[in-house]
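Peer 1: prediction below, plus the sequence it came from.
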Amino acid sequence: QVQLVESGGGLVQAGGSLRLSCAASGRIFSIPVMGWYRQAPGKQRQLVADITSGGNTNYADSVKGRFTISRDNAKNTVYLQMNSLKPEDTAVYYCKADIMYWSGSRRNTGDYWGQGTQVTVSS
């Protein structure tokens, strides 16, 4: 069984910082891409940032220069350091991972989502 567990959300004032973590567990042998998405009330879920196992990163324009995504491949964990937070960053943040794993003696692949963590930025 593969799962993603997130932590690190909360309430912060504008200009503050938060760090999100997301750990994947299970019979995993590779995670090519891990990323963070967010969904604000009444809006569609959108990509915030993602990172490949080789360290290549991609950011939404709205967070460039403020957020940093990183990962620890040995721990199957991805992080999102969020600085200079703005009220418009308020959303539920979801971790997503493209995971290759063992099911019995067979290799499978699938996209998995974390449970979501609330980030609220007050003005």
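Peer 2: Structure's in. What do you need? Numbering: from 1, shown residues only.
Peer 1: every contact and neighbour count from this point should use C-alpha atoms.
Peer 2: Will do.
Peer 1: low-confidence stretches in the protein?
Peer 2: Nowhere does the chain drop to pLDDT under 70.
Peer 1: need phi/psi at D89.
Peer 2: Dihedral angles of D89 (phi, psi; degrees, to the nearest 10) stand at phi -80, psi -10.
Peer 1: not counting sequence-adjacent ones, nearest residue to it?
Peer 2: V121 (6.7 Å; Cα to Cα, 6 or more residues apart in numbering).
Peer 1: shouldn't the one you found be in contact with N83?
Peer 2: No: V121 lies out of contact with N83 (Cα atoms under 8 Å); the separation is 11.3 Å.
Peer 1: hmm, back to that, now the residue nearest to D89: which helix or strand?
Peer 2: Assigning secondary structure by DSSP states H and E places V121 in strand 117-122.
Peer 1: check the offset of that strand from the chain's centre.
Peer 2: Mean C-alpha position of strand 117-122 versus that of the full chain (Cα atoms, centre = their mean, to the nearest Å) differs by 14 Å.
Peer 1: what's that strand packed up against?
Peer 2: Judged by 3 or more Cα pairs under 8 Å, 6 or more residues apart in numbering; DSSP states H and E, strand 117-122 is in contact with strand 10-13, strand 91-103.
Peer 1: want to try CSV for those, with distance to S25 as columns?
Peer 2: Output for the helices and strands packed on strand 117-122, formatted as CSV (distance: least, Cα to Cα, whole Å):
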stretch, distance to S25
strand 10-13, 23
strand 91-103, 10
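Peer 1: can you tell me which residues contact the residue of the chain most remote from its centre?
Peer 2: Computed with Cα atoms, centre = their mean, the residue of the chain farthest from its C-alpha average is S105, at 29.0 Å. Neighbour list for S105: empty [criterion: Cα atoms under 8 Å, 6 or more residues apart in numbering].
Peer 1: now R19
Peer 2: Residues in contact with R19 (Cα under 8 Å, 6+ apart) are G8, G9, Y79, L80, Q81, M82.
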